[in-house]
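**Q** have a look; sequence and predicted model below, questions after that.
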Amino acid sequence: DRGSGKTSCMMTVKKLLCNNHKKLERYENIGIAQNKKALLTNTTFHQLDTIGPIYFDQNHNIMELFLGSLYAKFINNESKEQEKPRIYNNNLQNLTDRGELLNKFSEVKRNLTLLYNKECLSEYDNLEELKDLTASMSLRNSMYDLVQTYIKYMHHSDDQLIIDIDDIDLNMTNAYEMIEQIRKYLKIPGLIILMSLKIDQLANVVNIKNLKEYEALLQIDKVKYREICQRIVEKFLVKTFPLSQRVKLPKVNDILEHNFKFIQPTLFPDGKKVKELSPLKEGLLALIYQKTGLLFYNTPKHPSFIIPTNLRELLNFIHKLYDLEDASNHNEATSNLFYFKDYFFNTWCTNNLLNEDLTLIRKANKIIEPLYINKLILNILQERFPILQTVKKEDPKDKLNSISELSLILDNKNMAFNISLGDVLACIDWLEK
């Protein structure tokens, strides 16, 4: 799901490895075995530019994007070298290594062109054409040579490169082809690939591709070959993304029982202000009351529906609440209610309601006179729940006269000013029972 924190998590991992990997040894609860932690702290990582959805199109495949990112780093390093040259023990050797690296770039580019543009084959003779065909099938080897030569020239031979690919599953047209390119040509030593994606969405992309290939067979036995396509998808995903290399992010409901620390930058000497919601699902409702005077409750089985189920929305919501001043009385809460109302109608309702329900909510929001809102809500309930239209004024089973009272509330002749909030709640309570 969008906003679940996949990209942020991936960027945090990359930043931790590339900038603060030496500090890993300080973290006792990071969830990494001691031998692997030692390996990480003794390895130097170098990041390449992020490849995101804005670069995915029909004209550029993932290989060209990676090659471009690698070459951009090389050119940027060359520019810095002109401003402040490094001191080499052997300048001739440096020139030789640089020339070798440029040759590797050229070789990979040539192989890519031959692989995806067959019209570019050499026009000299048949032997040259065979050589070109062999080179196009050796793209993995030439990519491996490029990465190793790049690391050796730019850094040290034992270092690792990190490239992160964001939301590749959003590209429904080319996602499968790009994943195949990564699997065939980029899973090489010296290169670590971080990817953020929704695995179910990617499964749908692969399944659509398989269904097209099995189209003729599906006409013979639809059920059988649909199952075969599904098994192929599962095997493909397990092979491409081994379970041991996946990080499944927790959902919001999974973290609501935990304590949550909110750190705000301030002008104080310590530079920050820390507030804690303990636990998150209780502390957040208390914070809403503290800022607006509105009471929301969690049920034993489910947290309050006002709590966002999307991590990005949750963090934005908490941040907005902390920006509001505390309200000790109704008058102070009034200005805060304006912002809370804006959040509720424009964010919460949009993200949680169907279009039909959203239309009704917005209709109610346009009513200026509160007296008419209760009448409107009762009309909506009667349209949504036809059982309310069968309520009779007299029912022998109604010993407490609750149905008789409800029938009076639902009477179409009842005027709007006669209907209270308690009447609406009584109707909802009857429906719940």
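**A** Everything's here; your move.

**Q** CA atoms for contacts and neighbours, from now on please.
**A** Fine.

**Q** mind listing the strands for the chain?
**A** For the chain, strands defined by DSSP state E occupy the ranges 45-47, 160-166, 191-196, 260-265, 272-277.

**Q** return the list of helices and strands in contact with the longest one.
**A** If I follow you right, that is strand 160-166. If you count contacts as 3 or more C-alpha pairs under 8 Å, 6 or more residues apart in numbering; DSSP states H and E, strand 160-166 packs onto helix 6-19, strand 45-47, strand 191-196.

**Q** just name the most buried of these.
**A** For the helices and strands packed on strand 160-166, the largest average neighbour count (mean count of other C-alpha atoms under 10 Å) is found in strand 45-47, namely a mean of 21.

**Q** direction included, what does that strand pair against?
**A** Applying DSSP bridges to the sheet, strand 45-47 is found paired with strand 160-166 (parallel).

**Q** just to revisit the earlier point, mean pLDDT and distance to Val252 for the helices and strands packed on strand 160-166 - can I get that in JSON lines?
**A** Compiled in JSON lines, the helices and strands packed on strand 160-166 are given as follows (pLDDT from 0 to 100; distance: least, C-alpha to C-alpha, whole Å):
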{"stretch": "helix 6-19", "mean pLDDT": "87", "distance to Val252": "13"}
{"stretch": "strand 45-47", "mean pLDDT": "90", "distance to Val252": "30"}
{"stretch": "strand 191-196", "mean pLDDT": "94", "distance to Val252": "18"}
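
**Q** which of these sits closest to Gly293?
**A** Counting by C-alpha to C-alpha, Gly293 lies closest to helix 6-19 out of those; the figure is 33.2 Å.

**Q** who touches the closest one?
**A** 40, 44-47, 162, 164, 166, 194-197, 249 (C-alpha atoms under 8 Å, 6 or more residues apart in numbering).

**Q** just the angle between that helix and strand 160-166, please?
**A** Interaxial angle, helix 6-19 versus strand 160-166 (axes from the mean of the first three to the mean of the last three C-alpha atoms, to 10 degrees): 170 degrees.

**Q** related to what we said a few turns ago, JSON lines please, covering the helices and strands packed on strand 160-166 and showing distance to Asn355.
**A** Listed next are those as JSON lines, based on distance: least, C-alpha to C-alpha, whole Å:
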{"stretch": "helix 6-19", "distance to Asn355": "28"}
{"stretch": "strand 45-47", "distance to Asn355": "43"}
{"stretch": "strand 191-196", "distance to Asn355": "30"}
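
**Q** how far away is Thr334 from Leu287?
**A** Thr334 is 16 Å from Leu287, where distance means C-alpha to C-alpha, to the nearest Å.

**Q** neighbour-wise, which of the two wins?
**A** Leu287 (18 against 15; other C-alpha atoms under 10 Å).

**Q** and the more buried one, how far is that from Asp342?
**A** 17 Å.

**Q** what do you get for Ile306?
**A** Going from Ile306 to Asp342 by C-alpha to C-alpha gives 14 Å.

**Q** who has more neighbours out of those two?
**A** Neighbour totals were compared for Ile306 and Asp342, and Ile306 leads with 16 against 11 (other C-alpha under 10 Å).

**Q** contacts only, for the more buried one.
**A** Per C-alpha under 8 Å, 6+ apart, neighbours of Ile306: Phe296, Trp348.

**Q** try it again at 10 Å.
**A** Contact partners of Ile306, counting by C-alpha atoms under 10 Å, 6 or more residues apart in numbering, are Leu284, Leu285, Ile288, Phe296, Tyr297, Asn298, Phe344, Trp348, Cys349, Asn352.

**Q** I'd say the third one and Ile318 touch.
**A** Yes. At 9.1 Å, Ile288 counts as touching Ile318 under the criterion of C-alpha atoms under 10 Å.

**Q** and these two? which has more neighbours close in?
**A** Using other C-alpha under 10 Å as the criterion, Ile288 and Ile318 rank with Ile288 on top: 19 against 16.

**Q** give me the nearest residue to the more buried one, chain neighbours excluded.
**A** Excluding the flanking residues, the one nearest Ile288 by C-alpha to C-alpha, 6 or more residues apart in numbering is Leu294, at 6.6 Å.

**Q** you'd agree the one you found is up against Leu285?
**A** Yes. Counting by C-alpha under 10 Å, Leu294 touches Leu285, with 8.8 Å between them.

**Q** which of the two has more neighbours?
**A** Shown here are Leu294 and Leu285; by other C-alpha under 10 Å, Leu285 has more neighbours (20 against 14).

**Q** not counting sequence-adjacent ones, nearest residue to the more buried one?
**A** Nearest non-adjacent residue to Leu285 (C-alpha to C-alpha, 6+ apart): Phe296, at 6.1 Å.

**Q** how about that neighbour, what does it touch?
**A** Residues in contact with Phe296 (C-alpha under 10 Å, 6+ apart) are Glu282, Leu284, Leu285, Ala286, Ile288, Tyr289, Pro303, Ser304, Phe305, Ile306, Ile307.

**Q** so can I have TSV of these showing distance to Lys212 and pLDDT?
**A** Output for the contacts of Phe296, formatted as TSV (distance: C-alpha to C-alpha, whole Å; pLDDT from 0 to 100):
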residue	distance to Lys212	pLDDT
Glu282	50	93
Leu284	48	94
Leu285	50	94
Ala286	53	93
Ile288	51	94
Tyr289	54	93
Pro303	43	93
Ser304	44	94
Phe305	41	92
Ile306	43	94
Ile307	42	93
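
**Q** filter those residues down to the buried ones.
**A** By neighbour count, with 16 or more other C-alpha atoms under 10 Å, those hold Glu282, Leu284, Leu285, Ala286, Ile288, Tyr289, Pro303, Ile306, Ile307 as buried.

**Q** so which of those residues is the closest to Lys73?
**A** Lys73 lies nearest to Ile307 out of these, by C-alpha to C-alpha, at 43.5 Å.

**Q** need the contact list for the nearest residue to that closest one once chain neighbours are set aside.
**A** In space, and not counting its chain neighbours, Ile307 is closest to Leu314: 7.2 Å by C-alpha to C-alpha, 6+ apart. Neighbour list for Leu314: Gly3, Ser4, Val252, Leu284, Ile307, Pro308, Lys320 [criterion: C-alpha under 10 Å, 6+ apart].

**Q** can you give me the helices in the stretch 251-400 of the chain?
**A** With helices called from DSSP state H, counting those that start in this stretch, the stretch 251-400 of the chain shows them at 252-255, 280-292, 311-323, 330-343, 349-352, 355-365, 370-384.

**Q** circling back: and the helices and strands packed on strand 160-166: which comes nearest His330?
**A** Nearest of those to His330, taken as C-alpha to C-alpha: helix 6-19 at 38.6 Å.

**Q** can I get that closest one in CSV, CA atoms only?
**A** Extracted C-alpha coordinates of helix 6-19, given in CSV (Å, rounded to 0.1, in the frame of the first residue of the first chain):
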residue,chain,number,x,y,z
LYS,A,6,8.4,1.1,2.3
THR,A,7,10.5,3.8,0.6
SER,A,8,11.4,5.5,3.9
CYS,A,9,12.5,2.1,5.3
MET,A,10,14.6,1.4,2.2
MET,A,11,16.2,4.8,2.3
THR,A,12,17.0,4.4,6.0
VAL,A,13,18.7,1.1,5.4
LYS,A,14,20.8,2.7,2.6
LYS,A,15,21.7,5.7,4.7
LEU,A,16,22.6,3.5,7.6
LEU,A,17,24.9,1.3,5.5
CYS,A,18,26.5,4.1,3.5
ASN,A,19,26.9,6.8,6.2
